[in-house]
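1. Turn this into a structure:
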Amino acid sequence: MLRTTIAGLVLTPLICALPASAEDFFETQELPIRVESFAAGLNHPWGIAFLPDGGMLITERSGNLRHVTSRGDVSAPIDGVPDVVARGQGGLLDVTLHPDFADNRLVYWSYSEAGDGGTNGTAIARGRLNGEMTALSDVEVIFRQMPKVRSNNHFGSRLVFDRDGFLFATLGERSSPQFRVLAQDLGTHLGKVIRIRDDGSTPDDNPFVGQSEAMPEIWSYGHRNPQGMALNPATGEIWTHEHGPRGGDEVAIPKAGDNHGWPVFSYGTEYSGDPITSLDEHPPEFARPVWSWTPSIAPSGMAFYEGDEIAEWQGDLFVGALAGASLMRLELDGDRVTGEEELLGALGHRIRDVEVGPDGALYVLTDQSDGEILRITAAD
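-> A predicted model of the protein is given here:
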């Protein structure tokens, strides 16, 4: 299977990690690693947020938020989470902490929220977590994707605070042909990356503030279904990735006001094999991705490695793969991808999210009804 950069560079995948023994040791290009089950028994876990003490909050798509201790003990569901529409790709989705969580205890999460007449849409809420990690109080919805539509697909949605304390969120275009075209419509939130303050209000310097027919929260548009977002620690920029249709998954750096082209242009095709567009080349007015996968790996979750546990991976970008059932490692030179390695393919698990823990280990969520948190460390 070929991996292709947009500039035309073609690379064959590096050797897939294969288990060296029954003890969950794997060989990779750079070093041997150990993969252990840190916690199990989770119902389609979707997002991770690490706590100051080394524990974490985990969302389950079915609607539960759970506390997992630094020892891997899984709590009962935390009280206070609103009802979610847990159908299709919807449910309780991402979770993150306020930058000043240690002082204010604020937790943010995204989810599919019911609307009138069977409609639904992505919403973002926040609440204050008690010291016992058992309940949320002062819960409020700070953002609702508009319009709500009838669809169980393409909700997005990842949440990331940048260094200035602004909250970025990715929003899907809801999949159906009658909705996907709205990714180009600045009067809707469908197929957008948004940027808001921690209380849900709009920053004055967002690119479309003051335009009467544009949603002021929009940061970039023309996205399909972005399910990965991370802050690049080297530059402070937000990076995203999104599902293509049949091929054309993209890693990109959405900048203020950028149009990423969907569905006017795509490197993928319809699931039927029909073309998305008659355009043969990437139009210059659309932002170019830095990396693309065809065939599709169905990327989900994204993290830059910045830790002391695995020095050989310092600065690399990690992307989970659902259809690809693996963890992809991308080597970077600035904003350019220079190499790729497919990891954990032998396990055959759909990877929903990937994060770097405060201990420097890499943690991934497996997308299963009996899902796990896997912890990856250097074998030596």
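
2. in the sheet, who's paired with the most centrally placed residue in the chain?
-> Central residue of the chain (Cα atoms, centre = their mean): residue 228, 2.4 Å from the mean position. Residue 228 forms beta bridges with residue 241, as assigned by DSSP bridges.

3. and the helix or strand containing residue 160, how far from the chain's centre?
-> Assigned by DSSP states H and E, residue 160 falls within strand 159-161. Counting by Cα atoms, centre = their mean, to the nearest Å, strand 159-161 is centred 10 Å from the centre of its parent chain.

4. So for stretch 198-208, what gets flagged as buried?
-> Residues of stretch 198-208 classed as buried by neighbour count (16 or more other Cβ atoms under 10 Å): 198, 200, 202, 206, 207, 208. For every residue, glycine as well, the C-beta is placed using N, CA and C.

5. For the residue nearest to the centre of the chain, report the pLDDT, please.
-> pLDDT for residue 228: 98.

6. From residue 309, how far out is it?
-> 22 Å (Cβ to Cβ, to the nearest Å).

7. try residue 374
-> For residue 374 relative to residue 309 (Cβ to Cβ), the value is 14 Å.

8. try residue 301
-> Counting by Cβ to Cβ, the gap from residue 301 to residue 309 is 19 Å.

9. Look at the two and report which has more neighbours.
-> residue 301 (28 against 16; other Cβ atoms under 10 Å).

10. just to confirm, which helix or strand has the more buried one in it?
-> With DSSP H and E as the test, residue 301 turns up in strand 299-304.

11. got a list of contacts for that strand?
-> Outside strand 299-304, the residues that touch it by Cβ atoms under 8 Å, 6 or more residues apart in numbering are 158, 227-234, 239-243, 249, 251, 293, 315-322, 324, 328, 351-356, 362, 364-365, 367.

12. buried subset of those?
-> Among these, those that count as buried by neighbour count (16+ other Cβ under 10 Å) are 158, 227-232, 239-243, 249, 251, 293, 316-322, 324, 328, 351-356, 362, 364-365, 367.

13. mind listing which of these are in strands?
-> If you go by DSSP state E, the buried ones among the contacts of strand 299-304 have 227-231, 239-243, 249, 251, 293, 317-321, 328, 351-356, 362, 364-365 in strands.

14. need the helices for this protein, in chain order.
-> Secondary structure of the chain (DSSP state H): helices located at 101-104, 177-180.

15. so which of those helices comes closest to residue 170?
-> The closest of the helices of the chain to residue 170 is helix 177-180. By Cβ to Cβ, the value is 15.4 Å.

16. tell me which residues in that closest one are buried?
-> 179, 180.

17. which helices and strands does it pack with?
-> If you count contacts as 3 or more Cβ pairs under 8 Å, 6 or more residues apart in numbering; DSSP states H and E, helix 177-180 packs onto no helix or strand.

18. Low-confidence bits of the chain, can you list those?
-> The model of the chain has pLDDT under 70 over residues 1-23.

19. mind redoing it with 80?
-> Where the chain drops to pLDDT under 80, the residues are 1-23, 380.

20. Excluding chain neighbours, give the residue nearest to residue 249 in space.
-> Distances taken as Cβ to Cβ, 6 or more residues apart in numbering put residue 293 closest to residue 249, at 4.2 Å, once the chain neighbours are dropped.

21. isn't residue 195 right up against residue 166?
-> Yes: using Cβ atoms under 8 Å, residue 195 is in contact with residue 166, at 5.3 Å.

22. which residues do these two both contact?
-> Counting by Cβ under 8 Å, 6+ apart, the residues touching both residue 195 and residue 166 are residue 203.
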